[in-house]
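Novice: structure, please.
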Amino acid sequence: MKLIKFSTIVIISSLATSVLATEAKESKPELPSIWGILFGHEGFLGHYIDIVYALLASVIFSILSIKVYKNRQLIPGKLQNFLELCVEGMFNFLTTILGKDAIRYTPFLGTLFFYILINNLMGLVPGGHSPTANLNVTASLAILVFLYSQYTGFTKLGAKAYLHHLAGQPRNIAGWVLMPLLLIIHLVTEISRPVSLALRLYGNTMGGDVLVAAFVGLGILIMSAVHIPIGFPIQVPFIFLEILVSTIQALVFTLLSTIYILLMLPQEGHP
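Specialist: Next comes the predicted model:
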């Protein structure tokens, strides 16, 4: 069972997020968070709301994983059975893409999925906040994937084969003539990958939070017309939609990260 590796890697992911993430000034509607109510969105403490909730997600994830791993039983309880089902499902999914290499990369890629999913859904919890609605947070995760995939390519291929891969793997005179152009194209492609990962996750999470907050405000406005101090729950269908979108975006981020790693692994027929 890979739960203990999951909990270790998620802490590393959180630290990477903490280094890069800073809270942008509020320019979008969103549901109030406990941290925002206590400290606002300005000042020293309010400035780090994304870091606080990202670390909270990792702490919850780590505590559950470590607790289940230390108290694991031959006949699992409900929590152990649920977590083992999640890990096994993720492993089987990655195996269809990576094959036998899935056992090596499941801890990292599985952590990405569940960590991003938790961060996405935290904005739907009353008093919560979605750290992935901040571009700095999604960029830090995307950079982590970029560095890990490049490290994988460098270690698995070796320095010479890695540079040969970046140069487009030229094998004849025409290939070597076009090598400078192919190298530039390949470098631009590699750099564009974390950019697209970060923007896609950020845009969808922020859009979902804004959508839910807007309909909550509309529901309050509707009921204020009849002087009732509660909001009409017209946001409920959009909450379920956001749960679906959050899951899909976590899966897309993980799937693309898996493909980027796969492209860096030695391929049959290649030197």
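Novice: sketch out the low-pLDDT regions of this structure for me.
Specialist: Residue ranges of the chain with pLDDT under 70: 1-29, 41-44, 165, 167-170, 174-175, 177, 229, 231, 267-271.
Novice: now do the residue most central in space within it against residue 133, distance only.
Specialist: The centroid of the chain falls nearest to residue 116 when counting by C-alpha atoms, centre = their mean (3.5 Å). In this view, residue 116 and residue 133 are 12 Å apart by C-beta to C-beta, to the nearest Å. Heads up, the C-betas are built off the backbone N, CA and C, glycines and all.
Novice: do residue 90 as well
Specialist: 24 Å.
Novice: who has more neighbours, those two?
Specialist: Neighbour count, other C-beta atoms under 10 Å: between residue 90 and residue 133, residue 133 has more, with 26 against 23.
Novice: right, and that one touches residue 212 too?
Specialist: No - applying C-beta atoms under 8 Å, one finds residue 133 not in contact with residue 212, separated by 11.1 Å.
Novice: list the residues that contact both of these two?
Specialist: residue 123 (C-beta atoms under 8 Å, 6 or more residues apart in numbering).
Novice: contact partners for the residue nearest to residue 103 when sequence neighbours are not counted?
Specialist: Here the nearest residue to residue 103 in space, its sequence neighbours aside, is residue 91; by C-beta to C-beta, 6 or more residues apart in numbering that works out to 7.4 Å. Residue 91 is in contact with 2, 102, 103, 106, 110, counting by C-beta under 8 Å, 6+ apart.
Novice: tell me, how many residues neighbour residue 88?
Specialist: Using other C-beta under 10 Å, residue 88 is surrounded by 13 other residues.
Novice: let me fix that: residue 233
Specialist: Counted with other C-beta under 10 Å, residue 233 comes out at 12.
Novice: got phi/psi on it?
Specialist: phi -80, psi 60 (degrees, to the nearest 10).
Novice: next: residue 141.
Specialist: Torsion angles, degrees, to the nearest 10, at residue 141: phi -70, psi -40.
Novice: in this structure it contacts residue 198, no?
Specialist: Yes - Residue 141 is within contact range of residue 198, at 7.4 Å (criterion: C-beta under 8 Å).
Novice: more neighbours: which of these two?
Specialist: It is residue 141, of residue 141 and residue 198, that has more neighbours when counted by other C-beta under 10 Å, with 28 against 23.
Novice: hang on, the earlier thing: for the residue nearest to residue 103, give me phi and psi.
Specialist: Here residue 91 shows phi and psi, under degrees, to the nearest 10, equal to phi -60, psi -40.
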